[in-house]
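J.: mind looking at a prediction? Sequence and model below.
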Amino acid sequence: MIKRLAYMLSCALPLVVGLIILSNTCVAQKRVLGKKLQIDLREVTIDSALNYISYKTNVFFSYSSDIIDERQRFTLYYENSNLETVLHRLLLGTGVEYTIINGQIILFKSKSSSKTQYFFETVNIRGNVRDVETNEPIPGINVYVAGTLKGSSTDVNGNFELKGLTPGRYEIVFSHIVYNLAHSLVTVEGDQQFVHIPVKLEPKITQLADVEVVANSEEQKNWQRGYRVFKEEFLGNSQNAGKCNILNSEVLNIEYDRVSGELKATADEPLIIENLALGYRINYILELFEHTPTVTRLLGISNFEELPVNSNVERKRIIRNRQKSYQGSMTHFLRALTNGKLKREGFVIDEVDELPNTINNSYFELPAKLHADREKFAFDNTLKFTKYLLVIYTREYESTAYVFDQLQMANKDATTINNSLVGINRNVGQVSFIKLNLPVVTINSKGFFNEPLAVTTYGYWSWERVAEYMPFEYAP
């Protein structure tokens with residue numbers, strides 16, 4: 001009996017000892033990871049971040065020097081946190097894990113990320129936003145990728161994250177009612193799962209709160225006249241434009257001269273546009289709007305949100321409208337051009353010396369030749385030509401409203417206009433022209449120009465305005 005008891009004890013002893021060791025290890029790990037620290041680092045390397053954490057906590061780290069790409073930068077801000085939270089934030093998405101041995105933290109590459117190089121299909125952009133004067137983090141800043149559905153806002157520590165971006169070049173916009181607008185151009189590469197950017201915003205210069213300016217009735221009437229012109233030129237005259245509403249027109253500042261017909265507009269806040277035809281809510285930062293009776297110059301930054309859909313019938317209608325708006329658009333053309341599918345997608349192109357007054361059927365004798373000569377104009381996602389590039393989309397006619405506008409601009413009388421609208425453009429598609437503002441412009445994979453103000457458009461594309469805008473992500 002004693003031997004058997006001894007045997008039972010000898011078998012049980014390692015188990016009990018193992019439990020004691022495990023318990024002690026857990027306590028030790030909790031003690032290390034529970035250490036409190038305050039941390040405020042901006043765009044530092046992994047070495048700098050770990051050195052600072054070690055200094056603040058008296059915890060030592062052991063790791064290989066090539067464990068994390070030296071191009072990566074990290075921003076950390078916590079007023080009162082523990083080491084576990086800080087490490088989780090620091091190492092998230094890097095493919096690095098850690099273990100604790102004798103109070104020391106050992107960093108190592110996880111097995112899933114131990115390959116020489118890994119290409120990420122999507123990349124996240126992180127950053128931290130601060131006040132340029134006080135260096136304090138700013139919560140509640142609207143952060144979004146221009147021209148897309150992607151957006152976020154900063155948390156109480158000024159941190160933000162934009163998820164799921166494919167490799168490419170993006171314009172990140174930072175907007176807030178009490179701070180000046182800021183932009184940041186970011187190139188996202190597939191060998192980095194995260195990109196970190198720091199941002200500092202300048203406060204707007206505010207007017208005295210006790211000064212109130214009240215416009216007289218004539219000024220209000222003139223603003224209303226100017227707004228009608230602005231809305232038509234801004235949204236356009238297409239069928240979709242009739243389904244668009246500007247929800248906060250009161251933020252517009254309009255200078256309108258009735259005699260000359262010239263108009264300038266600015267906005268104190270982003271315009272909020274509800275496009276019921278395409279099912280989008282657009283936040284539009286108006287950077288430039290100038291209009292004369294012959295020319296309209298429009299520049300801005302848009303961000304999109306999907307409007308709620310109440311029924312399958314409404315969803316199908318929106319899908320049809322989006323497809324119709326996309327067909328023949330500049331985005332459709334640029335995607336077809338870079339993919340070598342101009343003829344298949346219904347486009348004809350040619351380089352012309354000047355803008356012609358009329359387009360006739362002779363242009364339709366050239367599609368095969370022009371498609372073969374595509375390399376004259378586009379190569380490696382760039383566009384290069386010196387004159388005007390004529391683009392005809394052959395699968396849709398120009399809108400009657402567009403033709404009416406063109407005849408009005410040509411000062412045709414009512415009888416001539418009505419006669420001209422009968423059977424107009426039944427043999428010619430949608431005609432547009434492009435003029436490069438730079439020697440060479442680049443086209444991204446989504447079918448948009450990388451450079452702002454890269455081109456000037458004429459013809460049908462210049463007539464289609466904000467009511468036809470859709471996010472970069474859209475594909476039929």
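T.: Happy to help now that I have it.

J.: touching, Thr266 and Asn253? I think so.
T.: Yes. Using Cβ atoms under 8 Å, Thr266 is in contact with Asn253, at 4.8 Å. For the C-beta atoms, the positions are set from N, CA and C on the backbone; glycine is no exception.

J.: do you know the pLDDT at the closest residue in space to Thr296 that isn't next to it in sequence?
T.: Spatial nearest neighbour of Thr296, excluding adjacent residues (Cβ to Cβ, 6 or more residues apart in numbering): Glu233 at 4.9 Å. pLDDT, the model's per-residue confidence, is 92 for Glu233.

J.: assign a three-state SS to Glu233, would you?
T.: Following DSSP: H, G, I helix; E, B strand; the rest coil, Glu233 is assigned to helix.

J.: tally of neighbours for it?
T.: Close neighbours of Glu233, defined as other Cβ atoms under 10 Å, add up to 19.

J.: also Arg258?
T.: So Arg258, with other Cβ under 10 Å, has 11 neighbours.

J.: just the one 3 residues further on next, same as before
T.: Gly261 has 12 neighbours, counted by other Cβ under 10 Å.

J.: again with Lys204
T.: 13.

J.: any idea how far Leu389 lies from Arg258?
T.: 37 Å (Cβ to Cβ, to the nearest Å).

J.: surely Tyr52 and Gln38 touch.
T.: No. Assessed by Cβ under 8 Å, Tyr52 is found out of contact with Gln38, at 10.8 Å.

J.: more neighbours: which of those two?
T.: Neighbours were counted for Tyr52 and for Gln38 using other Cβ under 10 Å; Tyr52 has more, 16 against 10.

J.: can you pull the pLDDT of that one?
T.: 84.

J.: let me see the ranges of the strands in the stretch 201-350 of the chain.
T.: Assigned by DSSP state E, counting those that start in this stretch, the stretch 201-350 of the chain shows strands spanning 244-246, 252-256, 263-267, 271-275, 280-291, 296-306, 347-352.

J.: of these, which is nearest Val229?
T.: With Cβ to Cβ, the closest approach to Val229 among the strands of the stretch 201-350 of the chain belongs to strand 263-267: 5.5 Å.

J.: buried stuff in that closest one?
T.: Residues of strand 263-267 classed as buried by neighbour count (16 or more other Cβ atoms under 10 Å): Leu263, Lys264, Ala265, Ala267.

J.: who does that strand pair up with?
T.: strand 252-256 (antiparallel), strand 280-291 (antiparallel) (DSSP bridges).

J.: related to what we said a few turns ago, Ser81 is nearest to which of the strands of the stretch 201-350 of the chain?
T.: Nearest of those (Cβ to Cβ): strand 296-306, 31.6 Å.

J.: tell me how far that closest one is from the chain's mean position?
T.: 11 Å (Cα atoms, centre = their mean, to the nearest Å).

J.: before we move on, what about stretch 236-247?
T.: The answer for stretch 236-247 is 23 Å, by Cα atoms, centre = their mean.
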